[in-house]
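Q: Pasted the sequence and its predicted model underneath.
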Amino acid sequence: MSEFEVLKPLIGGMLIGLASAILMLTKGRIAGISGIFEGILMPKSGEISWRLFFISGLIIGGFAMSFVIPERFDLMTNRTIEMIGLGGLMVGFGVHIGCGCTSGHGVCGISRFSPRSFAAVPTFMGTGAVVVYLTNQYIGG
């Protein structure tokens, strides 16, 4: 593994942490993507513009990176669009049940020493690993 391969995720993680800290310091909000997106779907007065900018930045950033490093965006899967859609719905349901998502619990919750996040992160990571394993073994992967 080259030095640059180690630096990319380190720099990326630092940028995610910095963005989360800035949002917490400037808006007093946790950078949980599902909660931010939910606030767009069910807006409160004065809460929609920053949420739209945040989500737009994620989409624009991903789109821009698909031009910079297109090989990272190759979708090499034999999953059908129905399976991908079902997976997305299941993730959304899990986010609702768990009162948060990977970014909310994993990035912001753990860093704030949230007991709920310390329970949620191993639960969703472990469940995800088991589901991927079972899917690959029994449905084909």
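A: Looks like it arrived, so ask away.

Q: Next, please give the residue ranges for the helices of this protein.
A: Secondary structure of the chain (DSSP state H): helices at 3-27, 33-41, 48-68, 81-97, 110-111, 115-135.

Q: most packed of these?
A: Between the helices of the chain, helix 33-41 has the highest mean count of neighbours, a mean of 16, where neighbours are mean count of other CB atoms under 10 Å. (C-beta placed from N, C-alpha, C; glycine too.)

Q: lowest average confidence, helix or strand, in this structure?
A: For the chain, using mean pLDDT, DSSP states H and E, the weakest element among its helices and strands is helix 81-97, scoring a mean of 84.

Q: Could you export that one as PDB, CA atoms only?
A: Coordinates of each C-alpha in helix 81-97 appear next as PDB, following Å, rounded to 0.1, in the frame of the first residue of the first chain:
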ATOM      1  CA  ILE A  81     -32.600  -2.200  -9.900                       C
ATOM      2  CA  GLU A  82     -35.400  -3.800  -7.800                       C
ATOM      3  CA  MET A  83     -32.900  -5.300  -5.300                       C
ATOM      4  CA  ILE A  84     -31.000  -2.000  -5.100                       C
ATOM      5  CA  GLY A  85     -34.400  -0.200  -4.500                       C
ATOM      6  CA  LEU A  86     -35.400  -2.700  -1.900                       C
ATOM      7  CA  GLY A  87     -32.100  -2.300  -0.100                       C
ATOM      8  CA  GLY A  88     -32.500   1.500  -0.100                       C
ATOM      9  CA  LEU A  89     -36.000   1.100   1.400                       C
ATOM     10  CA  MET A  90     -34.700  -1.200   4.100                       C
ATOM     11  CA  VAL A  91     -31.900   1.200   4.900                       C
ATOM     12  CA  GLY A  92     -34.400   4.000   5.200                       C
ATOM     13  CA  PHE A  93     -36.600   2.000   7.500                       C
ATOM     14  CA  GLY A  94     -33.600   1.100   9.600                       C
ATOM     15  CA  VAL A  95     -32.600   4.700   9.800                       C
ATOM     16  CA  HIS A  96     -36.100   5.600  11.000                       C
ATOM     17  CA  ILE A  97     -36.000   2.800  13.600                       C
END
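
Q: on that earlier part again, can I get the helices of the chain in CSV with distance to residue 103?
A: Converted to CSV, these look like this (distance: least, CB to CB, whole Å):
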stretch, distance to residue 103
helix 3-27, 8
helix 33-41, 5
helix 48-68, 10
helix 81-97, 10
helix 110-111, 11
helix 115-135, 11
